[in-house]
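*Asks:* Fold the following and give me the result.
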Amino acid sequence: MNPVDLYLRSASIFGAYVEEIGDDQWHNPTPCTEWDVRALVNHLVSENRWAPAMLASKTIAEVGDAFDGDLLGEDPKAAWRAALDEARDAITVSGSLEATVHASFGDITGEAYITQLFQDHLIHAWDLAKGIGADTTMDAELAPIAFEQMKPMIAALKASGVFGDPVELPDDAAVQARLLALTGRDPS
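*Replies:* So this is what the prediction gives:
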């Protein structure tokens, strides 16, 4: 499965959870201790709003603070849908995988950037499901892919502060549990 398809599936999963959020759940806690449900959704809206600029090879300085702060407004679900549409349009155009993306840590390919978006949407879909009390079972095809992709990068991601310390699990733990533990989440 290519990174575009992986992203589209993981964003669809995250989006399905967004649509399930009840009016009284926006301030529920999530496994991301610094974010409640609203802040978590805002984070993914921001990521999706950044995607067109990043895939157009704009620098972080060129974009500036355009996507800082509350991007959800009065209708968070509509904000999610609009940001997803923008990202989908940018990610699915011919040449997106070959684009040069000027990330905060250096230049990467569009393929690497879209892969990171896939991983983030998949992991945060689990966080959102936990926050709203929905089914937290990950897509059985996507979890192993994300796990294998992230395993070699975990030391760098942990050093950057993106994830906490990996959680210790038995060797025979299911791949979803190992993926979550790898990212510092308690899968229980």
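*Asks:* in which helix or strand would I find the closest residue to residue 175 other than its chain neighbours?
*Replies:* Spatially, and ignoring its direct neighbours in sequence, residue 175 is nearest to residue 144 (4.8 Å; C-beta to C-beta, 6 or more residues apart in numbering). Any C-beta I mention is one placed from the backbone N, CA and C, and that applies to glycine too. Using DSSP states H and E, residue 144 sits in helix 142-150.
*Asks:* what sits up against that helix?
*Replies:* Helix 142-150 is contacted from outside by 1, 6, 9-10, 13, 115, 118-119, 122-123, 157, 175-176, 178-179, 182-183, using C-beta atoms under 8 Å, 6 or more residues apart in numbering.
*Asks:* from the residues you listed, which would you call buried?
*Replies:* The neighbour count (16 or more other C-beta atoms under 10 Å) marks 6, 9-10, 13, 115, 118-119, 122-123, 157, 176, 178-179, 182-183 as buried among those.
*Asks:* how far away is the residue nearest to residue 175 from residue 83?
*Replies:* Distance of residue 144 to residue 83, given as C-beta to C-beta, to the nearest Å: 28 Å.
*Asks:* between the two, who's got more neighbours?
*Replies:* residue 83 (25 against 16; other C-beta atoms under 10 Å).
*Asks:* Please tell me I have it right and the more buried one contacts residue 52.
*Replies:* No. Taking contacts as C-beta atoms under 8 Å, residue 83 lies outside contact range of residue 52: 9.9 Å.
*Asks:* Can you report how many residues lie near the residue nearest to residue 102 when sequence neighbours are not counted?
*Replies:* Spatially, and ignoring its direct neighbours in sequence, residue 102 is nearest to residue 59 (4.6 Å; C-beta to C-beta, 6+ apart). Using other C-beta under 10 Å, residue 59 has 14 neighbouring residues.
*Asks:* what's the answer for the one 10 residues further on, then?
*Replies:* Using other C-beta under 10 Å, residue 69 has 9 other residues around it.
*Asks:* again with residue 169
*Replies:* Here the number of neighbours of residue 169 (other C-beta under 10 Å) works out to 16.
*Asks:* One more: the one 5 residues further on?
*Replies:* When neighbours are counted by other C-beta under 10 Å, residue 174 registers 14.
*Asks:* Also residue 37?
*Replies:* A count of nearby residues for residue 37, using other C-beta under 10 Å, gives 24.
*Asks:* so the top helix by length along the chain versus helix 142-150, what angle?
*Replies:* The residue-count maximum for a helix in the chain (DSSP state H) belongs to helix 110-132. Taking axes from the mean of the first three to the mean of the last three C-alpha atoms, to 10 degrees, helix 110-132 and helix 142-150 form an angle of 130 degrees between their directions.
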